[in-house]
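this one's structure only:
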């Protein structure tokens with residue numbers, strides 16, 4: 001099963017789960033299933049048009065993937081998808 005790694009800021013919407021396992025074969029289908037399971041994540045992950053928010057990055061392994069292409073990105077059984085929210089701050 002492919003896994004979505006859930007970042008700490010989103011865990012309050014996922015009952016503190018650190019990952020979500022899916023048998024979906026595309027990234028977009030996996031994200032849809034993730035949101036179906038944890039609907040409160042939607043407001044923080046997707047914009048009003050249903051697209052990944054601009055400050056959220058998606059990675060498969062160590063490679064950043066474009067949210068615009070997520071419907072065509074295939075997932076294999078051992079695929080690990082990381083959701084990485086932008087971090088702002090500093091001096």
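It's in. Remember, predicted model here, so these are calculated numbers, not experimental data.

Got phi/psi on the residue nearest to residue 10 when sequence neighbours are not counted?
Distances taken as C-beta to C-beta, 6 or more residues apart in numbering put residue 41 closest to residue 10, at 5.7 Å, once the chain neighbours are dropped. For the C-beta atoms, the positions are set from N, CA and C on the backbone; glycine is no exception. Taking degrees, to the nearest 10, you get phi -70, psi -30 for the backbone angles of residue 41.

cool, and residue 21?
Here is the backbone geometry of residue 21 (degrees, to the nearest 10): phi -100, psi 140.

Near it, how many other residues are there?
Using other C-beta atoms under 10 Å as the criterion, residue 21 is surrounded by 12 other residues.

can you map out the helices along the chain?
Read by DSSP state H, the chain holds these helices, from start to end of the chain: 27-37, 42-45.

Let me have those in JSON lines, extended by mean pLDDT, mean neighbour count and distance to residue 5.
Written out in JSON lines, the entries for the helices of the chain read as follows (pLDDT from 0 to 100; neighbours: other C-beta atoms under 10 Å; distance: least, C-beta to C-beta, whole Å):
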{"stretch": "helix 27-37", "mean pLDDT": "95", "mean neighbour count": "18", "distance to residue 5": "11"}
{"stretch": "helix 42-45", "mean pLDDT": "94", "mean neighbour count": "15", "distance to residue 5": "13"}
